[in-house]
Each structure stands twice: as structure tokens, then as C-alpha cells.
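> following is a predicted model, sequence given first.
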Amino acid sequence: MPELPEVETIVRQLRQGAPVHVSSVIGKRIERVTVRWPRHVARPSARVLQHDLRGQTVRALSRRGKYLVFKLSGGVMLIHLKMSGDLKLVGPNTAADKHAHTIFHFSDGTALRFSDTRKFGKVFWVARAEEVTGALGPEPLEASFTAARLGRMLAGRRRALKPLLLDQTFIAGLGNIYTDEALHLAGLHPLRRSDSLAPAEVRALWRAIRQALRLGIRHNGASIDWVYRGGEFQHHFRVYDRAGKPCLTCGTPIRRIVVGQRGTHYCPQCQPLP
DNA sequence: AGCGTCACCCGGACGC
DNA sequence: TGCGTCCGGGTGACGC
């Protein structure tokens, strides 16, 4: 399930041309687009996307929350990988991938494959990125996301921390893994109410969110389930997917509860509920 | 308006 | 082998 660090890793690899990729995606010209599963295109439609993207050049690639933002010569294409999506830049003679539902063929013979086992992912083709990302909350790794700002944001809401941090309009990019990891780093219970945090706890949470995300990026994201991207962060989980195993800080067995229909992992000793 | 809950979209994994 | 169930990101519907 690609979250901010996984999406950031993919963006960097596609942009820079990492070892696994032949070259950077920047500057490539789209010759045609294959859409094997039309519902992959959220808007405007698979047909229009295929028509409009023909001949366009990739000018830039960035990330906003969990969205990849491709700036093309005549508009913006955004991709959300949701749970099982992956993007791979492949050479001309690469073996077929039965889950590659949308494929961007470039004029140099390479192709960008949007592989998506569960078909939850989405492609957007719009004039301005904000049409898709407009409602997203702040980028947690940007300088403008300060502890003071987080404090004001938390104080203005009356919600349990876990569902609030997962809310993309509150902060962009956190998913289940990094939310659980951040709350453990901060020593805060997932059910703590957002407006109940002391200033020191706000600072701890702010630091923990950024630390968890940066750690994930440093390890090239986490490789779990069916999607493998070469990331190693799964070996550094403190609580996520570790129910029953000892807390790395105190040895207490990690507990798993369900909060807002999401599996939630925490240490009852390090993250007490007052 | 804010919040919680639920259904939905999917298919792989897992338990029986 | 073949069921049924679980899981999850984001959205939208609904009720409080």
C-alpha cells in the first residue's frame, strides 16, 4: 500500500533513472497509451486520455500526498496507486505483466506500466493538478508544516488521532503503516483525542510524523504484500504488523485493535491512554 | 460543520 | 478443491 515514502521513492526513481530503470521518464514523448481496463482512468475517460496524451512530452514529475503528478506539455496527469499499484519503466523486450492495466508507450521504445492487482488505482488527466489535489492537507515534510501549525490543527479538531492522521484533508500522505509508526514514536495512544495533547506531546507527534516518513524514504519505502519495489522499511517496523511481538522499546507485546475500521497497532505500555 | 459508521471497489491470502 | 472472510485508500452516503 504505497504511502508517502513509497510514492516518493517511485517518483525519485522515475525522475532520476535509478538502477532498476533504464532512464529518466523526464523528456520522454508518449506515442500511445494502452488502457486494458477503462475504469482505471478516473477522468475524463480512457478514450479522451488516449487521444489527448498522444504526442505529449513528460516535462516534470513530482508528488503531492500519495499522488504522482506528471506535468505534460499540454496538461497534468496524476496517478494514485491506492493499495496495490506500482509504476515501472521498462525496456522494449520486457516480459508482459498481466496486472499492467494502463501502459504509456514512449517514442524511444520504453514504456511506463501502471500495474495494479486490485484495480483500486486511478489515473487523472486535468488542466491543473489542484483539480485533483485541491482538498489535500499540508505536506508533512515541507518547512511550512511546523509543530506550531500542527498544534493549531489538532486543537481545532476533536477526533481520535488515528482516524484524523489518516484523513488526507488533514495531512497528506500518511497511511496505516506510517500513522501507526508515528504514534508509537510519539508515545501517543491511537485513540487520544486531538484536542487533548499537551504542547510537548504535539511536538513529539510532529517530530514522530516526520521521522517515520523520513525513515521510510531512507529505506526506499516498505515492500509488503504483493508489491515489491526494493524497499527495506518493512524490516524496521516498530508496531505495524507486529501484533503479539515484543515492543522494541519496553518488551510489552504489541496490541492490535480496530479503529475506524482500520487495523491499528500500538504498545499499551509506551502509548497509554490517560 | 464535524464526526463516526458503513458500503463500495477488487483480488490475493488465509482458514476451514 | 472450494467456499467464506478479511484487508485496505479514498470517496460518498447517512445519521447524529
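Nice, I can see it. Residues are numbered from 1 along each chain as shown, chains lettered A, B, ... in the order given.

> how about the residues of the stretch 101-250 of chain A by DNA strand C?
Counting by Cβ under 7 Å from any atom of the strand, the stretch 101-250 of chain A comes close to DNA strand C at A:Arg118, A:Phe120, A:Ala135, A:Leu166, A:Gln168, A:Gly175, A:Asn176, A:Ile177. Quick note: C-beta positions are derived from backbone N, CA and C, even for glycine.

> these two touch, right, the second one and A:Ser84?
This points to A:Phe120. Yes. If you go by Cβ atoms under 8 Å, A:Phe120 and A:Ser84 touch, sitting 6.7 Å apart.

> name the helices or strands packed onto the lengthiest helix in chain A?
Identified as the longest helix of chain A according to DSSP state H is helix A:199-218. Applying 3 or more Cβ pairs under 8 Å, 6 or more residues apart in numbering; DSSP states H and E, we find helix A:199-218 packed against helix A:4-16, helix A:147-155, helix A:176-186.

> so how far is the longest one from its chain's centroid?
In other words, helix A:4-16. Put simply, helix A:4-16 sits 10 Å off its chain's centre (Cα atoms, centre = their mean, to the nearest Å).

> that one close to DNA strand C?
No. Using Cβ under 7 Å from any atom of the strand, helix A:4-16 stays clear of DNA strand C, coming no nearer than 9.0 Å.

> run through who's touching that helix.
A:2, A:18, A:20-21, A:24-26, A:61-63, A:65-68, A:81, A:86-87, A:89, A:112, A:140-141, A:172-175, A:178, A:213, A:216-217, A:219-222, A:229, A:231, A:233 (Cβ atoms under 8 Å, 6 or more residues apart in numbering).

> not counting sequence-adjacent ones, nearest residue to A:Leu191?
Among residues not flanking A:Leu191 along the chain, A:Ala160 sits closest, at 4.8 Å (Cβ to Cβ, 6 or more residues apart in numbering).

> list the contacts for the one you found?
Contacts of A:Ala160 (Cβ under 8 Å, 6+ apart): A:Pro190, A:Leu191, A:Arg192, A:Arg193, A:Ser194, A:Val259, A:Gly260.

> from DNA strand B, how far off is it?
In this view, A:Ala160 and DNA strand B are 5 Å apart by Cβ to the nearest atom of the strand, to the nearest Å.

> for that residue, list each beta-bridge partner.
Judged by DSSP bridges, the bridge partners of A:Ala160 are A:Arg193.

> and the residue of the stretch 51-200 of chain A at minimum distance from DNA strand B, what helix or strand is that in?
Nearest to DNA strand B, among the residues of the stretch 51-200 of chain A, is A:Arg157, at 3.4 Å (Cβ to the nearest atom of the strand). Counting by DSSP states H and E, no helix or strand carries A:Arg157.

> can you pull the contacts of the closest residue to it other than its chain neighbours?
Sequence neighbours aside, A:Ser194 is the residue nearest to A:Arg157 in space, at 4.7 Å (criterion: Cβ to Cβ, 6+ apart). Applying Cβ under 8 Å, 6+ apart, we find A:Ser194 in contact with A:Leu154, A:Ala155, A:Arg157, A:Arg158, A:Arg159, A:Ala160, A:Leu161, A:Leu164.

> you'd agree the fourth one is up against A:Leu197?
No. Using Cβ under 8 Å, A:Arg158 makes no contact with A:Leu197, being 11.8 Å away.

> interface residues of chain A facing DNA strand B?
For chain A, the residues in contact with DNA strand B (Cβ under 7 Å from any atom of the strand) are A:39, A:117-120, A:157-160, A:163-164, A:194, A:225-226, A:260-261.

> which of the residues you listed has the weakest pLDDT?
In terms of pLDDT, the least confident member of the residues of chain A next to DNA strand B is A:Trp226, at 53.

> got phi/psi on the closest residue to DNA strand C within the stretch 151-274 of chain A?
Residue of the stretch 151-274 of chain A nearest DNA strand C, by Cβ to the nearest atom of the strand: A:Gly263 (3.2 Å). Phi and psi for A:Gly263, reported as degrees, to the nearest 10, are phi -60, psi 130.
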